[in-house]
Structures are given as structure tokens and as C-alpha cells.
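> Just a sequence and a predicted model for now, questions to come.
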Amino acid sequence: MYLKCDRIVGARKLFDRMPERDVVVWSAMIAGYSRLGLVDEARGLFGEMRSCGVEPNLVTWNGMLAGFGNNGLYDEAVGMFRVMLLEGFWPDGSTVSCVLPSVGCLEDVVMGAQVHGYVTKQGLICDKFVVSALLDMYGKCGFVKEMSRVFDEVEEMEIGSLNAFLTGLSRNGMVDAALEVFNRLKDQRVELNVVTWTSVIASCSQNGKDFEALELFRDMQAYGVEPNAVTIPSLIPACGNISALTHGKEIHCFSLRKGIFDDVYVGSALIDMYAKCGRIQLSRRCFDNMLAPNLVSWNAVISGYAMHGKAKETMEMFHMMQQSGQKPDSITFTCILSACAQNGLTEEGWHYYNSMSKEHGIEPKMEHYACMVTLLSRVGKLEEAYSIIKEMPFEPDACVWGALLSSCRVHNNLSLGEIAAEKLFPLEPANPGNYVLLSNIYASKGLWDEENRIREMMKSKGLRKNPGYSWIEVGHKVHMLLAGDQSHPQMKDILEKLDKLNMEMKKSGYLPKTNFVLQDVEEQDKEQILCGHSEKLAVVLGLLNTSPGQPLQVIKNLRICDDCHAVIKAISRLEGREIYIRDTNRFHHIKDGVCSCGDFW
DNA sequence: ATAGGGTTAG
């Protein structure tokens, strides 16, 4: 009873007072500790019972396996499994479903297949727990064929196994296949539970299907399935991804109505969502309201400040984190270094970079090198950035070379730009952005032949400049605007308004940054020039459809261009609006004609 | 026969 109520201390007192303890009591106590993640206590008792002359049985071993597996000690779980086999135990269905999740996490498909064979021989395949554990294991190992075979061979598919199968498909990049199976079953009126719905919502919001995730959330309720504390943090990232603040706030309210106040997953997801919707203060408030922030929560709040280019707050939070006793991980340092890079804080950047291995025992990874390269090269120390690359202990990847190339474009450094491009192109042959960067460097030097050569290269590979698009949420609808696309029903009004704004701006001395337009000579790009870049269109759409003074938030899939940046700054002054723009790199808070990035991005 | 152990969603 004590154990079922999670009263481990009470249970232990009772346990200690028992004059005689049989294997059942020991097993119950060990399982109790395992469930609460107190693995060391469980292990202690496991040793103790033997010295008390009680031999552990299959159930005792299963409890230990579950304890290790549920607390990330996969190696120990599998190791223990091997030992129990050596000691002559015959695993039953419970054993198998306890150990397979660990086998999967270790991607030890050899062991997994052996267990599969054993299970088949023993006739355990009719056990639903065993089936889902097998599906889960093959899914984690990336063996989709084997997973599907198990799925197809089982006669009566039970909901837990179906869920494991759907997750396995999504995990292996087959989101569409998972959705297809899901939709078919839904239409056949098969009873799907909250796990099924949550699973597909999560795979949508993790794979760029943010609108679909929001729709599924509505659907599940229409089907009478109640979202729970796992559904909420699976859905919230979708709102952040498309800057759907109104939706995000509604889901936040929904979770409060459901009585979810201090769930660490929900809290961390909210911190991230508000930051990505431009509301850094709300993001911070969510963090401050958390009772027990964990590493993910700290990283979320730190990354929020970094995303917004707020270096001072980024470091402050980092120091608070350490004072609280929370150890940073490599993601924490990526955030800090990227905040330094955005603000050109060379000295601080070096300091934190050096402290990583010296003070925190974290070896710099690819992304840290990429941050350092961005930091140094952006402030013009291109050679220093290049020497970091040369001294890296492993082969630099496309991010690192891309960081160098894009700074070479900012500083129009041809010689290093060519070196970076030569390394980068083979690594990312199909990324049009890279070719555009190099051709822009040539253009800036007036080397039109070279510039043309790169354009031809792109053409021969069938590559076109990625179309720019932007999103803006107006009321409950998220609008997507494509550069050069005239299809938005309000396009006439948008262009009219933009014209008016242009006139006003010219009166106050604004000159369009034509250097940016000169390079764009393709038909598609001409259209862009005529219609304006998508971020301008989105901002104007926001102006037209919201009441005066209301802030606007826009996201863009590419880096914001010089001209748009200047225009939107002017708009913020003329219209008295705060405008938040999130581009691929960071946030721009634009207010009264000034941008938080200080025109350095 | 019964106690004690299990899978799938973040």
C-alpha cells in the first residue's frame, strides 16, 4: 500500500521493522526504489538480500532491469540481463519488456534480434507488452523493415503496439507513413488513445508540420480524447516554430485549466515558445514561476536570451544557473557562444570557450567551433577564424565553413571566401545559399565573369535561390507570404500601403539599398523587387489587420536583408509599432526606428 | 492459485 501511494519512506520503515522478509517483500521494496529512480538504493538492497540469505528470483531481477532502464542506465540494464542469463534464469515476458527499451537505446540490434528469436521460440509473442517492446527496439535501432515485419505478423494489434509502431515510423523519418496509418485507422473508427494522438502531434511539430499539429490537437478533442500533461509540451513547439503567439497563449491557458502548473516539460516548452514568439519577458516569467527548473529549462531560458541577442542577460542567467547548482552541458555553451558571436564579444567568447574543458569538463564540439568562427570572422578577424578551423581536432563540417563564407561575404573577403567555398560546395552541393554568397562576393568586386560562372554552376545543377517567405499571425490565422507571390487576397491593399510608406520614407531621407537589388537579375528576383521581400509584405499585412499600437511578430526563413531591415525600422517609427522579426539567425526587436541588433547581424 | 515485476507519447 505504501509503495502504491509512492510513500517510499513509510514503506522502508515498515520494511526495516519486519522480523522476517521473504523474496516477495524484498522484490516489492526494490521495485519501489526503481520506480522512483533511486537506483542506488535498489542496487544496495539487491546485494543486501543475498547476504541475508534470500535468493532473488525472476521478479526481483525484472525490478532491477526496469530500474536501470527507466533511469538511463542502459548499459547496466543490458549487462544485468546478460548476468541473469548466465545464472540460468529463463526470461519471461516482463523481463523482455523491461530490457528491450535499453537494448533499443543502445541500438544493440544484435542483442535485440536474439531476444526476438528467444521470444518467438518461447511463444511470448502473444504478450502485448513484448510486442510493443520489440517494435520500439527495432524502431530505435533504425530497422524499419524488421519492425514492420513484427507489426504485420501479429494477429491482433493492440493499441500500445500500434503506438510503438507509429512512433517507430516517425523516429525514422517516415512521418508521412505514420500519418497515413494513423488517418486510416481514425477513419475506420479504431479506438485511438491519448498516446496515439500525442505521438502523431509530436512527430508533426518535430518535422515542420506545425499547422497539422495544431489541427490534430483540435481533432483529438473532437474525437473525445482528453489531452494530458504529455500532449501539451508536444504541441507547444509547433506554436513557437510558426510564431503563433495567440495559439501558444491559448494552449498555455488550456494547460492551466487542466491543473498543470509545475510540470517541468510544460514549463520548458513555454519558455522556448514565448521566446520564439518574440515575448522574452513572458518567457522569463515562465521560468521564474517554475518550482524546480532542470537543465532543459535553464537551457531554454538561456537560449531565449541568446536568440534575442541579449548577451548580458544570457551571461547573468548562466551565472545564476551555476549558483543554483545546475551543471551546464554542451548546449548551454552553444547558446552562450552564439550570444557572444551575435554581439561581437570576442574577449568573453574566448573566456567561455576556454572555460568549457578547463572548468566544466566539456570538450568543444562542432557547433562550438562554428560559433567561434562566426564570432571572430564577423568582427573582421577572418584570418584568426581560419586558423581555428585549421587547428580543429576533427574535420570541419558545412556549418563551420558556412560561417566563414558568410562572414567573408559581409567583409567581402575574396581569397578566404574562395577557400571556404571550395570546402563547402562538396559538403552541401545542393544548398543554393552557399553559391549565392560566393557570387555576391564576386559581384561586390565587380568580377562579373566569375559571378556569372557561379550562376551558371547553379543553373547546371538545377538550383535556384531559395524562395524567401515569411509568416505572420493575425488573430487566429497564420499567414504565409512568399516573395513575389501575388496570391494573397489582400495583396492590392498591401502594395498600396507599401507605396504610401515608401513615399513617406523617401521624404524623410531614406534611400533604397540598391546594391542588394543589383545582383538579382533572374526573372523571379525581378518580381521580388517589384513586390517587395516577403518580410515587408508580412509586416504591412500586420499593419492592415491589427489595431494601431499593437506589436507585430514576423518570422522569415532566410536572413533578413539590409533593405528590409532599414524599411521595417522606418515603419516602426512612422506607424508607432513594435515589430519582432525572427530570421534564421536571431531576433530583431524593432522600435522607434531602432533595432535591438544594433544593425550588426 | 496467490504476493512482487512490464510496453507505447515529451
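Okay, I see it.
> any idea how far A:V301 is from the residue nearest to A:F333 when sequence neighbours are not counted?
Excluding the flanking residues, the one nearest A:F333 by C-beta to C-beta, 6 or more residues apart in numbering is A:M356, at 5.5 Å. Bear in mind the C-beta positions are built from the backbone N, C-alpha and C, glycine included. As judged by C-beta to C-beta, to the nearest Å, A:M356 and A:V301 stand 20 Å apart.
> and what of A:C253?
Going from A:C253 to A:V301 by C-beta to C-beta gives 21 Å.
> likewise A:P548?
A:P548 sits 32 Å away from A:V301, taking C-beta to C-beta as the criterion.
> check contacts around the most centrally placed residue in chain A.
Compute the mean C-alpha point of chain A, and by C-alpha atoms, centre = their mean the closest residue is A:Q206, 7.0 Å away. Counting by C-beta atoms under 8 Å, 6 or more residues apart in numbering, A:Q206 makes contact with A:S170, A:P237.
> quick one: which of A:P548 and A:V301 has more around it?
Counted by other C-beta atoms under 10 Å, A:P548 and A:V301 do not tie: A:V301 has more neighbours, with 28 against 8.
> helix/strand/coil for the spatially closest residue to A:N585 that is not a sequence neighbour?
Among residues not flanking A:N585 along the chain, A:R559 sits closest, at 6.0 Å (C-beta to C-beta, 6+ apart). For A:R559, the assignment made with DSSP: H, G, I helix; E, B strand; the rest coil gives coil.
> Need the pLDDT of A:R559.
pLDDT recorded at A:R559 is 83.
> what about it, neighbour count?
14.
> ditto for the one 4 residues further on
Other residues near A:D563 number 20, with proximity taken as other C-beta under 10 Å.
> CA atoms only: put the helix or strand encompassing it into CSV for me.
Per DSSP states H and E, A:D563 falls inside helix A:562-575. Only the C-alpha atoms of helix A:562-575 are listed here, as CSV (Å, rounded to 0.1, in the frame of the first residue of the first chain):
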residue,chain,number,x,y,z
ASP,A,562,19.7,45.1,-45.5
ASP,A,563,16.9,46.9,-47.3
CYS,A,564,14.1,45.2,-45.5
HIS,A,565,15.8,45.9,-42.2
ALA,A,566,16.0,49.6,-43.0
VAL,A,567,12.4,49.8,-44.2
ILE,A,568,11.0,48.0,-41.3
LYS,A,569,12.9,50.2,-38.9
ALA,A,570,11.3,53.2,-40.6
ILE,A,571,7.9,51.6,-40.5
SER,A,572,8.2,51.1,-36.8
ARG,A,573,8.8,54.8,-36.3
LEU,A,574,6.2,56.0,-38.8
GLU,A,575,3.5,53.7,-37.5
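> ok now it, how far from the chain's centre?
Its chain's average C-alpha position is 31 Å from that of helix A:562-575, according to C-alpha atoms, centre = their mean, to the nearest Å.
> Can you give me the pLDDT of the residue of the stretch 251-400 of chain A found nearest DNA strand B?
Nearest residue of the stretch 251-400 of chain A to DNA strand B: A:Y265, at 3.1 Å (C-beta to the nearest atom of the strand). The model reports A:Y265 with a pLDDT of 95.
> what residues are up against it?
Counting by C-beta under 8 Å, 6+ apart, A:Y265 touches A:A229, A:V230, A:I232, A:P233, A:V296.
> how near is it to A:G208?
The gap separating A:Y265 from A:G208 is 21 Å, by C-beta to C-beta.
> next one: A:S283
Distance of A:S283 to A:G208, computed by C-beta to C-beta: 22 Å.
> Show me what from the stretch 1-150 of chain A comes close to DNA strand B.
Residues of the stretch 1-150 of chain A lying close to DNA strand B by C-beta under 7 Å from any atom of the strand are A:3, A:22-24, A:27-28, A:31-32, A:34-35, A:57-60, A:62-63, A:66, A:69-70, A:92-98, A:101, A:127-130, A:132-133, A:136.
> Having no further points to raise, I will conclude here.
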